[in-house]
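**Student:** okay, here's the prediction I keep looking at, along with the sequence it came from:
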Amino acid sequence: MNPLQVAVGVVKNPEGKVLISLRHADLHQGGLWEFPGGKIEASETAEQALARELKEELNITVTAATPLITVKHQYPDRFVQLNVFLVEQFSGEAKSLEGQSFKWVTPAELQHYAFPAANQPIITAARLPHHYAILDDADEAMLLSNLQKILNRGVKLIQARLKTLPSVDVAKFFEQAYPLCKQQQAVLLMNSAVECSVEVDGIHLTSSHLMALTKRPENSKWLAASCHNLEQLQQAQKIGVDFVVLAPVLATQTHPGAASLGWEQFADLVAKVNLPVYALGGMTESSLTTSQQSGGQGIAAIRAFLD
Ligand SMILES: Nc1nc2c([nH]c(=O)n2[C@H]2C[C@H](O)[C@@H](COP(=O)(O)OP(=O)(O)OP(=O)(O)O)O2)c(=O)[nH]1
Ligand SMILES: [Mg+2]
């Protein structure tokens, strides 16, 4: 059966707050909070439906929309595909045209509202940035200055992939790195292959650690994972990983000679799961648009943020 196609907008204002509105009690999934949007009509593209719905429901005129995530969800009574866009450019002041209450909240506050079951990956995608920097310990002496470079470029999500560094040095690095990231409101994750217990914002699982888990570790803050194929993506979704990187999308210096997926296969794989997915492998700044058009959350890179 084909899903009911729905266009949904994560509308962000210049302060970074997101608009949510309360679904009327008598609607499907009524009484829950939602991101504004509605059914795509037969004659419309998803973008056209998004623009029409935001105008009809909130009197907002969309001037630019970027694909954020696509979610397929089977409710007991309905199969939906939510085609979600990030709307950061719009004109007009939001007002309730259909009698629904609405409010602007920070992305971090979204998790305190009751949304339909399909919405969890949308909430995560709304909280995540477009860039994910991976800090490698290939050049140990440069670790702190590389971190500084990444932070100076405004990157807000970073993984310390310090696989070869002795744990005393990892601990020393984190003592300096963690407060620096906090100061810049950047999230710092630790690769699961690092054996050192330090305070971090979450864990990034290697693909083999991901496959060995039967459930999401308890008390995990952010949980990310590295994936290379559909089986790993499905495992990440099953255990409730927040987001993943899918690699290698293009040829990369880090893994010379490794077969790359290419954008077409990236898009096919991303479409099969409800997860924010960063493209990794051979990324440059100009790859961001391609990733987003292919259903990705954005790009992850080791070198691209250091050049
Ligand atoms: N707009 C919106 N719909 C969502 C969200 N999450 C979610 O599961 N849905 C589901 C609920 C509905 O089954 C479907 C959207 O249909 P809708 O009833 O809002 O459609 P519409 O605005 O065109 O409403 P109508 O004119 O047909 O009454 O998608 C969300 O965040 N926003
Ligand atoms: Mg609607």
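**Tutor:** Yep, that arrived. Keep in mind it's a predicted model, so treat the numbers as computed, not measured. Numbering: from 1, shown residues only. Ligands and ions are numbered 1, 2, ... in the order given.
**Student:** nearest residue to the residue of the stretch 1-150 of the chain at minimum distance from ligand 1 other than its sequence neighbours?
**Tutor:** Nearest residue of the stretch 1-150 of the chain to ligand 1, counting by Cβ to the nearest ligand atom: Gly38, 2.4 Å away. No exception for glycine: its C-beta is placed from N, CA and C like everyone else's. Nearest residue to Gly38, sequence neighbours excluded (Cβ to Cβ, 6 or more residues apart in numbering): Glu53, at 4.3 Å.
**Student:** that neighbour belongs to a strand?
**Tutor:** No. Counting by DSSP: H, G, I helix; E, B strand; the rest coil, Glu53 is not part of a strand but helix.
**Student:** count of residues packed around the residue of the stretch 1-150 of the chain closest to ligand 1?
**Tutor:** With neighbours defined by other Cβ atoms under 10 Å, the count for Gly38 comes to 16.
**Student:** circling back: ok, the residue nearest to Gly38 - contacts?
**Tutor:** Neighbour list for Glu53: Ala7, Gly9, Pro36, Gly37, Gly38 [criterion: Cβ atoms under 8 Å, 6 or more residues apart in numbering].
**Student:** what do you get if the cut-off is 10 Å, keeping everything else the same?
**Tutor:** Val6, Ala7, Val8, Gly9, Pro36, Gly37, Gly38, Lys39, Ile40, Glu44, Ile60, Val62 (Cβ atoms under 10 Å, 6 or more residues apart in numbering).
**Student:** can I have the buried ones of those as a PyMOL selection?
**Tutor:** Buried residues within those, by 16 or more other Cβ atoms under 10 Å, are selected in PyMOL with:
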select buried, resi 6+7+8+9+36+37+38+40+44+60+62
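**Student:** dump the contacts of Glu53 into CSV; add secondary structure and pLDDT as well.
**Tutor:** CSV is the format used below for the contacts of Glu53 (DSSP: H, G, I helix; E, B strand; the rest coil; pLDDT from 0 to 100):
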residue, secondary structure, pLDDT
Val6, strand, 98
Ala7, strand, 98
Val8, strand, 98
Gly9, strand, 98
Pro36, coil, 98
Gly37, strand, 98
Gly38, strand, 97
Lys39, strand, 98
Ile40, coil, 98
Glu44, coil, 98
Ile60, coil, 97
Val62, strand, 98
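**Student:** is it true that Asn2 touches Gln81?
**Tutor:** Yes. Taking Cβ atoms under 10 Å as the definition, Asn2 is a contact partner of Gln81 at 8.5 Å.
**Student:** circling back: the residue of the stretch 1-150 of the chain closest to ligand 1 and Thr252, how far apart?
**Tutor:** Distance of Gly38 to Thr252, computed by Cβ to Cβ, to the nearest Å: 41 Å.
**Student:** same check, this time on Gly240
**Tutor:** Counting by Cβ to Cβ, the gap from Gly240 to Thr252 is 29 Å.
**Student:** surely Asn274 touches Ile122?
**Tutor:** Yes. Asn274 is in contact with Ile122 according to Cβ under 10 Å; the separation is 8.9 Å.
**Student:** which ones are touching Gly99?
**Tutor:** Leu22, His24.
**Student:** use 536 as the first number for this chain going forward.
**Tutor:** Let's use 536 as the start, then, which means that last one is Gly634.
**Student:** for it, helix, strand, or coil?
**Tutor:** coil.
**Student:** what helix or strand is Asn618 on?
**Tutor:** Applying DSSP states H and E as the criterion places Asn618 in strand 613-626.
**Student:** so after that strand, what's the next helix or strand?
**Tutor:** strand 637-640.
**Student:** what are the ranges of the helices in the stretch 736-842 of the chain?
**Tutor:** 742-747, 765-774, 797-806, 822-828 (DSSP state H, counting those that start in this stretch).
**Student:** and the ones you listed: which comes nearest ligand 1?
**Tutor:** helix 765-774 (16.9 Å).
**Student:** OK, contacts around the nearest residue to His744 once chain neighbours are set aside?
**Tutor:** Of all residues not flanking His744 in the chain, Ser727 sits nearest, at 4.5 Å (Cβ to Cβ, 6+ apart). Ser727 makes contacts with 696, 738-741, 743-745, 747-748, 752, 758-761, as judged by Cβ under 10 Å, 6+ apart.
**Student:** Leu692 too?
**Tutor:** Contacts for Leu692 (Cβ under 10 Å, 6+ apart) come out as 662-669, 685, 716, 721-724, 736-737, 757, 759, 778, 813, 832-833, 835.
**Student:** so the residue in the stretch 686-835 of the chain that ligand 1 sits nearest to versus Gln827, what's the distance?
**Tutor:** As assessed by Cβ to the nearest ligand atom, ligand 1 sits closest to Asn809 within the stretch 686-835 of the chain, at 11.4 Å. Distance of Asn809 to Gln827, given as Cβ to Cβ: 17 Å.
**Student:** and Cys731, by the same measure?
**Tutor:** Counting by Cβ to Cβ, the gap from Cys731 to Gln827 is 35 Å.
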